[in-house]
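**Student:** Sharing a sequence plus its predicted fold:
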Amino acid sequence: MQLEKVVALVTGANGGIGRYYVEALRKVGVSRIYAGARNLNSLSDIVALDSQQIIPISLDITNEQSVRTAAETCPDVTLLINNAGIGLLKGFISATDLSGARAEMEVNYFGTLAMCRAFAPVLKRNGGGAIVNMLSILGKVNFPMNASYSASKAAAISMTQGVRAELAAQGTLVIGVMPGTVDTDGSKYFPPPKVSPEVVAQEALQAVIDGIEDVYPGEQAKEMAAQLLKDPKALEKMMATMLPSHA
Ligand SMILES: NC(=O)c1ccc[n+]([C@@H]2O[C@H](COP(=O)([O-])OP(=O)(O)OC[C@H]3O[C@@H](n4cnc5c(N)ncnc54)[C@H](OP(=O)(O)O)[C@@H]3O)[C@@H](O)[C@H]2O)c1
């Protein structure tokens, strides 16, 4: 897919990686970028980069009406970047209740699924296009420090595969991006190595150009993906040493 004529929508465009998606899209010269955020004020500096090219939209992916409105007001989208997500650093057993696990599922799985469903007909009308889902390598092996987040990303990985299958006939490319730790505020308590958000956005956009379905940006994710093929149990045992602080 060529990116020059693309009309993109980025969810969570005000967040750590979201901003870099907007900048990477600008660099490749897409024709329009809808920048989605729950709070429009949080987008002012991004829109200031180029208010002709970057259109702010109010979007909460867990709110059905908000998602429906986005699909109606952005009818020309050809590239949907489902970047919005939350990770609450909860263990399964040590968490005081299930509210965090439910919230992560609501945003990372149901919210992303709702966006795919709402924009599938938009992409079809516009010739197929592409969906990029921001997943995580932690969806492939549980990280006990962020356990329920890992589970929500595992659900989102499975959803991405199913959406890819259902949208193949309309020519929509569906990409899963599975980084390790990305150097944003959200990962400030995690040890290095960390991949830069620029690299994540660049590798994801390159995958759109090249038609690659599974992207592992940065060395850490590529090494973990290789280890998962070679000896998944060893990786599980290594991750099992990193427990939530209150466990
Ligand atoms: N950082 C990492 O190490 C890492 C690694 C692998 C994957 N990822 C994934 O990459 C994506 C971006 O992460 P990040 O590090 O940039 O996180 P971040 O800085 O916390 O940004 C998350 C973004 O998601 C938005 N968001 C949260 N709930 C939302 C909702 N209900 N509706 C719409 N937007 C919502 C946030 O908006 P508000 O400002 O309104 O909260 C924010 O813009 C996430 O899906 C994350 O899971 C991150």
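**Tutor:** Ah, there it is.
**Student:** Mind pulling up the pLDDT for P75?
**Tutor:** Looking at P75, its pLDDT is 98.
**Student:** That one reaches V122, doesn't it?
**Tutor:** Yes - counting by C-beta atoms under 8 Å, P75 touches V122, with 6.1 Å between them. All C-beta spots, glycine's among them, are computed from the backbone N, C-alpha and C.
**Student:** Who has more neighbours out of the two?
**Tutor:** Counting neighbours by other C-beta atoms under 10 Å for P75 and for V122 shows that V122 has the greater number, 20 against 11.
**Student:** Please list all residues in contact with that one.
**Tutor:** A71, C74, P75, V77 (C-beta atoms under 8 Å, 6 or more residues apart in numbering).
**Student:** Wait, L123 touches D76, no?
**Tutor:** No - in this structure, L123 is not within contact of D76 by C-beta under 8 Å, at 10.5 Å.
**Student:** Pick out whichever of these two has more residues nearby.
**Tutor:** Legend: neighbour count by other C-beta under 10 Å for L123 and D76, higher for L123 (23 against 13).
**Student:** Give me the three-state assignment for the more buried one.
**Tutor:** helix (DSSP: H, G, I helix; E, B strand; the rest coil).
**Student:** For it, which non-adjacent residue is closest in space?
**Tutor:** Ranked by C-beta to C-beta, 6 or more residues apart in numbering and with sequence neighbours excluded, the top spatial neighbour of L123 is G129, at 4.0 Å.
**Student:** Run a quick neighbour tally on that neighbour.
**Tutor:** Counted with other C-beta under 10 Å, G129 comes out at 25.
**Student:** Tell me which residues touch it, please.
**Tutor:** M1, V6, V77, T78, L79, L80, L123, T172, L173.
**Student:** Enumerate every residue touching the residue nearest the centre of the chain.
**Tutor:** The centroid of the chain falls nearest to M134 when counting by C-alpha atoms, centre = their mean (1.9 Å). Contact partners of M134, counting by C-beta under 8 Å, 6+ apart, are I17, I81, N82, N83, A84, G85, V177.
**Student:** next one: L49
**Tutor:** V22, E23, R26.
**Student:** Show me just the buried residues among those residues.
**Tutor:** Using 16 or more other C-beta atoms under 10 Å as the burial test, these include V22, E23, R26 as buried.
**Student:** before we move on, the earlier item: quick one, phi psi at the residue nearest to L123?
**Tutor:** Dihedral pair for G129: phi 60, psi -160, per degrees, to the nearest 10.
**Student:** Use 420 as the first number from now on
**Tutor:** Sure, I'll start numbering at 420, so the last one becomes G548.
**Student:** What separation do you get for it and I436?
**Tutor:** 21 Å (C-beta to C-beta, to the nearest Å).
**Student:** now swap in E617 and tell me
**Tutor:** Distance from E617 to I436, by C-beta to C-beta: 9 Å.
**Student:** Tell me which of these two has more neighbours.
**Tutor:** For E617 versus I436, neighbours defined as other C-beta under 10 Å are more numerous around I436 (26 against 16).
**Student:** Name the SS class of that one, please.
**Tutor:** Following three-state DSSP, we place I436 in the helix state.
**Student:** quick one, what contacts it?
**Tutor:** Applying C-beta under 8 Å, 6+ apart, we find I436 in contact with N502, M553, V601, T603, P616, V619, A620.
**Student:** In a markdown table: these, plus distance to the ligand, secondary structure and pLDDT.
**Tutor:** Output for those, formatted as a markdown table (distance: C-beta to the nearest ligand atom, whole Å; DSSP: H, G, I helix; E, B strand; the rest coil; pLDDT from 0 to 100):
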| residue | distance to the ligand | secondary structure | pLDDT |
| --- | --- | --- | --- |
| N502 | 5 | coil | 98 |
| M553 | 4 | strand | 98 |
| V601 | 4 | strand | 98 |
| T603 | 4 | coil | 94 |
| P616 | 7 | helix | 98 |
| V619 | 8 | helix | 98 |
| A620 | 10 | helix | 98 |
